[in-house]
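S.K.: Sequence and predicted model, in that order:
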Amino acid sequence: MTSRFHSQIPLGSHVPPGTNTAVPTSFQIPTEFFSPVHQRATANTEDKARKIRGKGTGEQNPSTAASMAMSISGGCVGGDCTVLAPSASSLRPPLRRAAGPKGHSCTFPHGASINNNRLCVEHQRCSRSSTQTYALSRKDFSPITQDVEGFLHNVVNMGFLDRLKLAWKIMFPAPTIKDTSNANIAKQRLKMILFSDRCEVSDEAKKKIVEHVIEALSEFVEIESRDNVQVDISTDAGLGTVYSVTVPVRCVKPEYQESEEQYRGKIVGVDFKDTGESSGNVDVTFDFFVPNENY
Amino acid sequence: MAFAPPRLLPLPLPPPPAAAASTRAVSARHHGGRTAPELSGPTPRVVVITSGKGGVGKTTTTANLAASLARLGLPAVAVDADAGLRNLDLLLGLENRVHLTAADVLAGDCRLDQALVRHRALQDLHLLCLSKPRSKMPLAFGSKTLTWVADALRRSPNPPAFILIDCPAGVDAGFVTAIAPAEEAVLVTTPDITALRDADRVAGLLECDGIKDIKIIVNRVRPDLVKGEDMMSALDVQEMLGLPLLGVVPEDAEVIRSTNRGVPLVLNDPPTPAGLALEQATWRLVERDAMTAVMVEEQERPKKKGGFFSFFGR
């Protein structure tokens, strides 16, 4: 039996209470510098964000709002970083979401790190965003703010027409036709169906497969009930035809069991969400092994 | 062309009429100056034309391939292996002249050469029907009987160069019968997903049965839809099925017209796109060649008909 232990250990006291320690606050640019404009600009960008959300681009909305806010700020301010604060605040929610597992939200930092290219918000991929968030949760946040500023500089230097094109691309991403054309849909379906037709196996063969698999497995495990064994043939886009035999298992036979003694007291799966260097808090998750008394 | 195909049937005919000469000129232009293809393999070559799915153009292909072969001087016998629903005679315009069938030959009522119906215009083309639709024994035809018929044709004093068997649709007894005497197969399919699935199944059955030489003809291709990515191209079809390509035939209204008239459309002069494609397929069949489908960027052509040529590659 293992248990999961999650600890949040505040090391320093300058972090204001109530702030979520999972998100280091050093990311946020010092508020006293920006507070006068905070309210006004927030309303502005929130409005714009809402309008964009209304267009219904699904989960891209927070990021488009964020980057839209950024590009607008770049566009109208021209180098003045005062409008950064509202964009930062509206960006925090997506950032937090990105810190969670498998952030499907294509996030702000991803957009920010593209310095010299056009902002291609619509082409972000899940894997890239998750590696980015991993980096976020570990490291200091100053590189990100530098990236933000770099991006803004670039946007600012782009010139009005370029910025207009950028804004257009963000608001109306080009649809990808190639993969969804009729012929391609037919090809995909045909591939699947040809795979499954060609690999269709007779009933007799299926029974024999089940019997042989049960025989092979019974050497190592005790099977719960032979009647519940199921064999399935399906197709998978990456692998082709997949045969799966599902066998409910009661327990492992004694001679093959992993010895539990060697795990007593061991700590595994240590995961630092926050090493405390910047924020003064340590956020760590780990598993420790408590052997079951039943054995 | 130095090579002349051996004359397998006695030829007490006058020299070929002018029409045939002009079409030979046409074919010469498209085949690098040659007027006749080189026959490959021992004769007679027994080819079954099958598809699995119905309505993709088996019978039309059989009729036109046979007519094309006959026009090239290679004697051909087209066998309609569909004992229940007969259509090949309609396409060749011989429906009024079929009185004796292979069933009568088997019953001993007539000789084999009496059951062969010769085409009026093409002297080298003969039609053989398996049985009359309303006769009492349409189910008597099995694999062994059809194999016997093919052997009898082979043993006859003037054996044909090609025996084309038009297979019925489906994969049941009629199909099994039709493929029994065959050594090669031409799989006709259209570029849609249903036909391709059936074609794949039939290819598997043919290979199980021992016919390894299978080539495909992609029929009813619409170049405009292929360009607009609505229809799969011949290249896609070849990729999916993994078999050599014998020909790509575009959709042509002339097919309907020629069926209605009862004249195979390869005999049209000037040839239509489909007719030309079938003629080229015939060449490849004779020479045991295959084409490679090439997707070429079409330039804008003033007339629509010219557009399909880009799908051919040699």
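M.R.: That came in fine, so what should we check first?
S.K.: rest of the way, CA atoms for contacts and neighbours
M.R.: Fine.
S.K.: and residue 214, what pLDDT?
M.R.: No chain was given, so I picked chain A. Looking at residue A:214, its pLDDT stands at 88.
S.K.: That was the other one, I meant chain B.
M.R.: Value listed for residue B:214 in the pLDDT field: 94.
S.K.: again with the one 5 residues further on
M.R.: According to the prediction, residue B:219 has pLDDT 94.
S.K.: And for it, the neighbour number?
M.R.: By the criterion of other C-alpha atoms under 10 Å in any protein chain shown, residue B:219 has 24 neighbours.
S.K.: name the element it belongs to?
M.R.: strand B:213-221 (DSSP states H and E).
S.K.: who touches that strand?
M.R.: B:56-57, B:183-191, B:203, B:233-234, B:237, B:243-252, B:281, B:290 (C-alpha atoms under 8 Å, 6 or more residues apart in numbering or on different chains).
S.K.: Could I have the buried ones of the residues you listed as ChimeraX selection syntax?
M.R.: Filtering the contacts of strand B:213-221 down to the buried ones (16 or more other C-alpha atoms under 10 Å in any protein chain shown) takes a single ChimeraX command:
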select /B:56,57,183,184,185,186,187,188,189,190,191,203,233,234,237,243,244,245,246,247,248,249,250,252,281,290
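S.K.: what's the single longest helix in chain B?
M.R.: Among the segments of chain B that qualify as a helix by DSSP state H, the longest is helix B:193-209.
S.K.: Pull the distance from that helix to the chain's centre.
M.R.: Remark: helix B:193-209 is offset 18 Å from the chain centroid, using C-alpha atoms, centre = their mean, to the nearest Å.
S.K.: Next, the angle from it to strand B:213-221.
M.R.: For helix B:193-209 against strand B:213-221, the angle by axes from the mean of the first three to the mean of the last three C-alpha atoms, to 10 degrees is 170 degrees.
S.K.: Does helix B:193-209 pack against any helices or strands, and if so which?
M.R.: helix A:182-198, strand B:184-189, helix B:234-241 (3 or more C-alpha pairs under 8 Å, 6 or more residues apart in numbering or on different chains; DSSP states H and E).
S.K.: Could you list the low-pLDDT ranges of the chain?
M.R.: Chain wasn't specified; assuming chain A. Applying pLDDT under 70 to chain A flags the ranges A:1-152, A:155, A:174-179, A:235-241, A:259-265, A:291-295.
S.K.: wrong one, I was asking about chain B
M.R.: Low-confidence segments of chain B (pLDDT under 70): B:1-33, B:135-140, B:293-314.
S.K.: quick one: contacts for the residue nearest in space to the middle of it?
M.R.: Centrality entry for chain B: nearest residue to the mean C-alpha point is residue B:62, 2.9 Å, by C-alpha atoms, centre = their mean. Counting by C-alpha under 8 Å, 6+ apart, residue B:62 touches B:49, B:78, B:88, B:164-166.
S.K.: Tell me if I'm right that residue B:278 and residue B:63 touch.
M.R.: No - the criterion here is C-alpha atoms under 8 Å, and residue B:278 misses it with residue B:63 at 10.3 Å.
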